[in-house]
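Peer 1: This is a predicted model, with the sequence first.
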Amino acid sequence: MTSLTTATATATVSPATDKQKEAAADWDIWESTTHAFDTPGAAPGLGKFFFDYADNYEERVVVLEGSALLHPSGGGDAISLQAGAFVSFPQGFSCTWEVLEPMRKVRPLIASLSLRALCLR
C-alpha cells in the first residue's frame, strides 16, 4: 500500500516583536486605499483581491493599521490579520485577501536566502 502526504503552504501570524517592528521601519509601505480590488462598488481601500506567492519570493508583513481576512486557496480556515500582527507568507501560498478596514502594512519581498535574515523570522 502506498500513501501520499501533501502539505499546503500557509501564512503564519503572530504579534510583531519590537525587533521586527524596528527592522520593518525601512520596508516599503502598502496601503489598501491605493490598491485595485476585484470587488465592484466597494468603498475605497476595502474589498477582495487574489494574491499568489508562487513566484520565487516570500513576504513578511507588519500590519500597521486596519484588518483583513485571508482565505487560503487550498481551503482551510480564514486567517485574521489585525494591526500589530507580523505575518509570514511562504513561497507557494495563495489566498484571497478580504480587507475589512483600510490597511497599511510594511513589507519587503524576499527573493533569496541572504535576504531572509533581514526579516528576523
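Peer 2: It's in.
Peer 1: If E101 is in a bridge, with which residues?
Peer 2: When assigned by DSSP bridges, E101 has beta-bridge partners S67.
Peer 1: And the longest helix seen in the chain, what's buried?
Peer 2: Longest among the helix segments of the chain by residue count, using DSSP state H, is helix 18-24. Neighbour counts using 16 or more other C-beta atoms under 10 Å place 20, 23-24 of helix 18-24 among the buried residues. Any C-beta I mention is one placed from the backbone N, CA and C, and that applies to glycine too.
Peer 1: for stretch 25-34, same thing?
Peer 2: For stretch 25-34, by 16+ other C-beta under 10 Å, it's 27, 32.
Peer 1: and if you look at stretch 83-95?
Peer 2: 85-89, 93-95.
Peer 1: With stretch 34-49 instead?
Peer 2: 37, 45-47.
Peer 1: Now, the residues you listed that are in helices?
Peer 2: Per DSSP H, the buried residues of stretch 34-49 never map to helices.
Peer 1: Among those, which has the minimum pLDDT value?
Peer 2: Of all these, F37 has the smallest pLDDT value, namely 82.
Peer 1: Please verify my assumption that it contacts L46.
Peer 2: Yes: the criterion here is C-beta atoms under 8 Å, and F37 meets it with L46 at 7.4 Å.
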